[in-house]
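Undergrad: sequence-free structure coming up:
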């Protein structure tokens, strides 16, 4: 069974995310696998203000 975790990474500026690489590296060292980035729109023009980074980890069912 897979367990999923969602971590918000705020967008720092045009086409950049604040700390996204650091977050992915940190969680991968803890055994999490990066799966996807889901953009979160905000504002009147649909600007992306943050992304949800999706991580998964396999856990044996008990």
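TA: Now that the structure is in, tell me what you want to look at. Note that the structure is predicted; figures quoted are calculated from it, not measured. Residues are numbered from 1 along each chain as shown.
Undergrad: Quick check: the closest residue to residue 58 other than its chain neighbours vs residue 55, distance?
TA: Nearest non-adjacent residue to residue 58, counting by Cβ to Cβ, 6 or more residues apart in numbering: residue 2, 5.7 Å away. Glycine gets a C-beta too; all of them are placed from N, C-alpha and C. Distance from residue 2 to residue 55, counting by Cβ to Cβ, to the nearest Å: 10 Å.
Undergrad: Which residue of the two possesses the greater neighbour count?
TA: residue 55 (20 against 9; other Cβ atoms under 10 Å).
Undergrad: helices and strands around the helix or strand containing residue 55, which ones?
TA: Residue 55 belongs to strand 47-58 when assigned by DSSP states H and E. Packing partners of strand 47-58 (3 or more Cβ pairs under 8 Å, 6 or more residues apart in numbering; DSSP states H and E): strand 2-13, helix 20-29, strand 33-42.
Undergrad: now these in TSV, with mean pLDDT?
TA: Formatted as TSV, those follow (pLDDT from 0 to 100):
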stretch	mean pLDDT
strand 2-13	88
helix 20-29	93
strand 33-42	91
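Undergrad: Closest to the centroid, which residue in the protein?
TA: With distances taken as Cα atoms, centre = their mean, the residue of the chain nearest its centroid is residue 53 (1.0 Å).
Undergrad: pretty sure that residue contacts residue 7?
TA: Yes - taking Cβ atoms under 8 Å as the definition, residue 53 is a contact partner of residue 7 at 4.7 Å.
Undergrad: Find the residues that touch each one of those two.
TA: 23, 27 (Cβ atoms under 8 Å, 6 or more residues apart in numbering).
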